[in-house]
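sequence and predicted structure below; questions after.
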Amino acid sequence: MLRRLFFSLLLTLPALTVLRAGTLPPELDRALKLFRAEGAPNWAYIQTTESGDKTLVEHFDPSKPEFSRWTLLKKNGAAPNDSNLKEYRDRLSRRTSGTAPNVKDQIDHSTCELLSDEIERATYRFRLQTGEKGDRSAAHMNVIFTLHKGTGVIERVELSAFEPFSPMFTVKITEAKTTMLYSLPTPERPALLQQITMHIRGRAMWFKSLDADMVVTYSEHTFAGKRAVSVTPSEPENPARPAVATP
């Protein structure tokens, strides 16, 4: 539940330029169409989650069957015991197979504001459209995208609540912020999710604190998709020729 609530944030910046309603700069439009909040597909990684004095280290491998993709490596700094592994497997069996909604699909293009335009980067802010019926969060949120001009990719996303709100009855969120950072693409790999930081302040049932901070770090990325075979036009295809990775 907290992870869902964390995908809201508080960051208020002055708008420098309001773009014409319904239009986006071509470079931003292209970057948003290619953007995936979870990063590029077919990459395995180590995920380290830190919240207070608790830590969890997991390995994700998309090439494995659905309920075998996640492996618990450490819990609170130690190798997991039998009880930890059983609890982890039970939790995995209850995970849904769907993907999380992408914030880019909920932005209101008519609210696009250019916050800064520098040599290497430009930042844009949007308001969110109300999503599903009963959505009590979107109307209180902004999202800021940082575009890296040289590579044409989204490098940073900040989703924030600009005022207190109640996502559900008896729950009051006073501060919320989620920041997602992505690596820049290279000839060897695409842009990959590097870190998510989450901050929330609020109360439930008027007395239970929801205050929490969390950092999720993604490391040791390795390509786990199918390898393509590259053959030059002048050469016949050789079955014994080694495959060339083209992630």
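Sure thing, it's come through.

shaky segments in the chain?
Along the chain, segments meeting pLDDT under 70 span 1-22, 95-101, 131-134, 227-247.

just want the most central residue of this structure.
Geometric centre of the chain, nearest residue: Ala37, 4.0 Å, by C-alpha atoms, centre = their mean.

now it: closest residue in space that isn't a chain neighbour?
Of all residues beyond its chain neighbours, the one nearest Ala37 is Asn102 (5.0 Å), with distances taken as C-beta to C-beta, 6 or more residues apart in numbering. Yep, even glycine has a C-beta here, placed from its N, CA and C like the rest.

got a list of what the one you found touches?
Residues in contact with Asn102, defined by C-beta atoms under 8 Å, 6 or more residues apart in numbering, are 35-37.

Asn76 and Gly52 touch, don't they?
No - between Asn76 and Gly52 there is no contact under C-beta atoms under 8 Å: 10.7 Å.

got phi/psi on Ser83?
Dihedral pair for Ser83: phi -70, psi -40, per degrees, to the nearest 10.

should've said Pro164
Main-chain torsions, Pro164, degrees, to the nearest 10: phi -60, psi 150.

thinking again about what came up before, between Asn76 and Gly52, tell me which one has more neighbours.
A side-by-side neighbour count of Asn76 and Gly52, using other C-beta atoms under 10 Å, places Asn76 first with 11 against 8.

now the closest residue to Phe67 other than its chain neighbours: how far from Ile119?
Sequence neighbours aside, Leu92 is the residue nearest to Phe67 in space, at 5.8 Å (criterion: C-beta to C-beta, 6+ apart). Per C-beta to C-beta, to the nearest Å, Leu92 is found 45 Å from Ile119.

can you check Pro26 too?
For Pro26 relative to Ile119 (C-beta to C-beta), the value is 18 Å.

three-state assignment of Glu27?
helix (DSSP: H, G, I helix; E, B strand; the rest coil).

check contacts around it.
Glu27 sits next to 122, 147, 149, 152 when contact means C-beta under 8 Å, 6+ apart.

how near is it to Leu115?
Distance from Glu27 to Leu115, by C-beta to C-beta: 15 Å.

correct me if wrong: Met180 contacts Ala191.
No - using C-beta under 8 Å, Met180 is not in contact with Ala191; the gap is 11.3 Å.

okay, how far is it across stretch 42-61, tip to tip?
Terminal residues of stretch 42-61 lie 8 Å apart, using C-alpha to C-alpha, to the nearest Å.

helix or strand right after the helix or strand containing Leu115?
Per DSSP states H and E: Leu115 is located in strand 113-117. For strand 113-117, the following helix or strand on the C-terminal side (DSSP H and E) is strand 121-127.

distance check, the residue nearest to Ala37 against Lys33.
Counting by C-beta to C-beta, the gap from Asn102 to Lys33 is 11 Å.

what do you get for Thr197?
26 Å.

and for Asp108, the neighbour number?
The tally of other residues near Asp108 (other C-beta under 10 Å) stands at 15.

doesn't Thr130 make contact with it?
No - with contact defined as C-beta under 8 Å, Asp108 does not reach Thr130; the gap is 9.5 Å.

kind regards, and thank you for your time.
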